[in-house]
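Colleague: What shape does this take:
(2 chains)
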Amino acid sequence: MGLLLIEQAFNGLQFGVMLFLIAAGLTLVFGIMDLVNLSHGSLVMVGAYLATTLIEWTGSFLLGILFALPATFLVGVVVEVLVLRTLYERDHLDQVLATFGLILFFNEVIRIVWGPASLYSGLPEGLSGHVEILPGVPYPTFRLMIILAGLLVAVLIYVIVAKTRLGMLIRAGASNREMAGALGVNIRMLFTLVFGLGASFAGLAGMMLGPLTSVEPGMGEPLLILAFVVIIIGGIGSIRGAFIASILVGLVDTLGRVFLPMLLRSMVADSTADGVGPALASMLIYILMAGILVIRPRGLFPARTG
Amino acid sequence: MSADKLWITWAGMALLALIPILIQVFELPVFYTEMFCRIMILALAAMSLDLILGFGGMVSFGHAVYLGIGSYTVGIFSFYEIDNGFIQFPATLVICGIFALLIGMMSLRTSGVYFIMITLAFAQMVFFLGISLEEFGGDDGMPVYRSEFGGWIDLNDPLSFYYFVFAILLLLLFLCHRIIHSRFGMVLQGCKSNEARMQALGFPTYRYKLAAFVISGMICGIAGALFANWNEFVSPAIMHWTRSGDLLIMVILGGMGTLFGPVLGTVLFLLLEEYLPEWMDALLFPGAGEHWMGVMGPLLILLVLFARGGIHSLLGRLRIRNG
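Modeller: Below you'll find the model as predicted:
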């Protein structure tokens, strides 16, 4: 039981940092540009496909990812310049619809280029084993690497936003777009850059997800909805909120799926527990979100007031 | 005020009334009657969404959930061999009303993007609930027997079913028309354009919006009950989140803030869904139709960017130009 708890807690953490990679870009775009981007999940998918192909070409996991990252960045920049740029001034409804259209488009392009079947790529060599995280507790190396990479990116984002000139401009743009523009900041360039960065983080999540699950058209959509849950819980525009909410959602979801059915089985009849348990477990994070929004309608860490 | 041009509504409904007759005159297969029946059912759902979206300014991104609940109500009654429509349909109204009340009570505490996302979250919750209902088919869904109306209406006859749906659509169009032009409807539209001012005038806007949200959910539930009958099958797929997106598209395509616009939007959207693949096969190359979504997506983006007001306003302008 204790072992299972530790292992599942790590799985939850791994799922959480993965969500953070997706949610970070989403919350920046949301908070700074006030853009609801449903097609963010498609960037996860694009990243996963590019990485799978490039890993095959180069024969190296690391090289594949190193090439796939700038490629996803480019895709993000192109999408921003061609479509999203015209949407900043529109209301949220228009943004939802247009980016919904983008999802359909991306899924079809992927189907045309790579075909409708799922791609499977094995775990990279050297990362396929297990390491002992605690004495007597083995854990898959690859998942551990995802946790580390995710935390690294979290630190990186924090440093960029809090310590660099770019981050200063991002914060300025977020708090008052017009004023920052009037002071000579090239807001258009800044937005494009931020969007590209968000895209490559999302792509990175897809790249690391690839070896764990199958790479298929539409794979980003369930993740996108979870990422939205994360940024709503965390408070739109808040990186810190996104991080805490990601870990929270990751842990609640993973632990809920494992332990809730067990817990129910100890309380009610097995047949009822087997029926209700999984249902309740998959609803858990939405219940969490609804609960948090009822108490704090603007999320845990509202980035802006008013 | 509603931007509805009544002549469009009359003309559109007259056309819908004539469609089965036209199909028989031109000896087309009965498939077309069934297709337009489905269009009217989803048009009803789109109209119910527009009641809160176009008139109340509430962007619900989880409206398909009521389609699902309505479908499952009929499905579950049918499962327990209660096929009487006089029980099923009122029950659908009550159950969808309760769900809409609960969802609305919590969702309406938020606004803007938070509202969009919390409605989506509730829809996902019910979606997963549907998947986990192993007894009722879980992910795969279950077959449904069509409702009985004591021998008065035979839903197994395509023509009767068509006019049954038509009558409900007509009735609910009229009902919504009256709602929008009532004092209640005026307050609702006031909330859309300036909620703070409505509050300053002393209107409890939360309660008005909640009432509209519940009415909309109940109407959409009826559409769901009809859909289960049409499909003779119910599965969680009906409340997949993309369906909520489709409903939003239908409303925008047809013209937000009009009652008949969503009906027009649904007709166009579903006809495109049906025929775009065939056209692409014919115009581009054989097999191109498989990738119709690749065309539908950009079409949608262009629509949002350049065609404000939808088909309804295009038709409206046509009339003015002709005098």
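Colleague: On the three-state scheme, residue A:131 is what?
Modeller: Applying DSSP: H, G, I helix; E, B strand; the rest coil to residue A:131 yields a three-state assignment of strand.
Colleague: Quickly list what it is bridged to.
Modeller: For residue A:131, the beta-bridge partners are residue A:139 (DSSP bridges).
Colleague: what pLDDT does the residue in the stretch 101-250 of chain B that chain A sits nearest to get?
Modeller: Nearest residue of the stretch 101-250 of chain B to chain A, counting by C-beta to the nearest C-beta: residue B:132, 3.2 Å away. Just so you know, the C-beta spots here come from the backbone N, C-alpha and C atoms, and that holds for glycine as well. Here the pLDDT value assigned to residue B:132 is 81.
Colleague: Repeat that for residue B:205.
Modeller: At residue B:205, pLDDT is 91.
Colleague: ok, now residue B:234?
Modeller: 92.
Colleague: Next up, phi/psi of it, please.
Modeller: Dihedral pair for residue B:234: phi -140, psi 130, per degrees, to the nearest 10.
Colleague: Count residues in the vicinity of it, would you?
Modeller: 29 (other C-beta atoms under 10 Å in any protein chain shown).
Colleague: need the contact list for it.
Modeller: B:71, B:72, B:74, B:75, B:136, B:137, B:141, B:142, B:144, B:228 (C-beta atoms under 8 Å, 6 or more residues apart in numbering or on different chains).
Colleague: Which per-residue confidence value corresponds to the residue nearest to residue B:12 when sequence neighbours are not counted?
Modeller: Closest residue to residue B:12 apart from its sequence neighbours, by C-beta to C-beta, 6 or more residues apart in numbering or on different chains: residue B:260 at 5.7 Å. At residue B:260, the pLDDT value in this model is 90.
Colleague: Regarding the chain, what is its longest helix?
Modeller: In the absence of a named chain, this looks at chain A. When chain A is scanned for its longest helix (criterion: DSSP state H), the result is helix A:2-33.
Colleague: sorry, should have said chain B
Modeller: Max-length helix for chain B by DSSP H is helix B:205-231.
Colleague: Flag every buried residue along that helix.
Modeller: B:205, B:208-231 (16 or more other C-beta atoms under 10 Å in any protein chain shown).
Colleague: Also stretch A:254-271?
Modeller: A:254, A:255, A:256, A:257, A:258, A:259, A:260, A:261, A:264.
Colleague: do the same with stretch A:114-126
Modeller: Buried, per 16+ other C-beta under 10 Å, within stretch A:114-126: A:114, A:121, A:123, A:124.
Colleague: before we move on, back to that, neighbours of the residue of the stretch 101-250 of chain B closest to chain A, how many?
Modeller: Counted with other C-beta under 10 Å, residue B:132 comes out at 22.
Colleague: How about residue A:201?
Modeller: 31.
Colleague: Test my guess that residue A:216 contacts residue A:119.
Modeller: Yes - under the criterion of C-beta atoms under 8 Å, residue A:216 is in contact with residue A:119, at a separation of 7.3 Å.
Colleague: picking up where we left off before, could you identify the most distant pair in the buried residues of stretch A:254-271?
Modeller: A:254 and A:264 (16.8 Å; C-beta to C-beta).
Colleague: Model confidence for the residue of chain B most remote from its centre, exactly?
Modeller: The outermost residue of chain B, judged against the average C-alpha position, is residue B:285 (34.0 Å), by C-alpha atoms, centre = their mean. We have a pLDDT of 76 for residue B:285.
Colleague: sec struct for it, please.
Modeller: Put simply, residue B:285 is coil when judged by three-state DSSP.
Colleague: where's it relative to chain A, distance?
Modeller: When distance is defined by C-beta to the nearest C-beta, to the nearest Å, residue B:285 is 12 Å away from chain A.
Colleague: So what does that residue look like in phi/psi?
Modeller: Main-chain torsions, residue B:285, degrees, to the nearest 10: phi -150, psi 150.
Colleague: picking that back up, which single one of the buried residues of stretch A:114-126 is nearest to residue A:65?
Modeller: Distances from residue A:65 to the buried residues of stretch A:114-126, taken by C-beta to C-beta, are shortest for residue A:124, at 9.4 Å.
Colleague: What ranges does the stretch 1-150 of chain A have for its strands?
Modeller: A:130-134, A:137-140 (DSSP state E, counting those that start in this stretch).
Colleague: could I get those as TSV with mean neighbour count?
Modeller: Listed next are the strands of the stretch 1-150 of chain A as TSV, based on neighbours: other C-beta atoms under 10 Å in any protein chain shown:
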stretch	mean neighbour count
strand A:130-134	12
strand A:137-140	16
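Colleague: can you tell me which of these the model trusts least?
Modeller: strand A:130-134 (a mean of 75).
Colleague: Give the buried residues for stretch A:87-100.
Modeller: Neighbour-count burial for stretch A:87-100, with 16+ other C-beta under 10 Å as criterion, is recorded at A:87, A:90, A:92, A:93, A:94, A:95, A:96, A:97, A:98, A:99, A:100.
Colleague: Wondering if that stretch reaches chain B at all.
Modeller: Yes - using C-beta under 8 Å from any C-beta of the partner chain, stretch A:87-100 reaches chain B at A:87, A:90, A:92, A:93, A:94, A:96, A:97, A:98, A:100.
Colleague: Mind listing residues that contact that stretch?
Modeller: Applying C-beta under 8 Å, 6+ apart, the contact partners of stretch A:87-100 are A:33-39, A:83-84, A:191, B:53, B:59, B:61, B:112-113, B:116, B:245, B:248-249, B:252, B:300-301, B:303-305.
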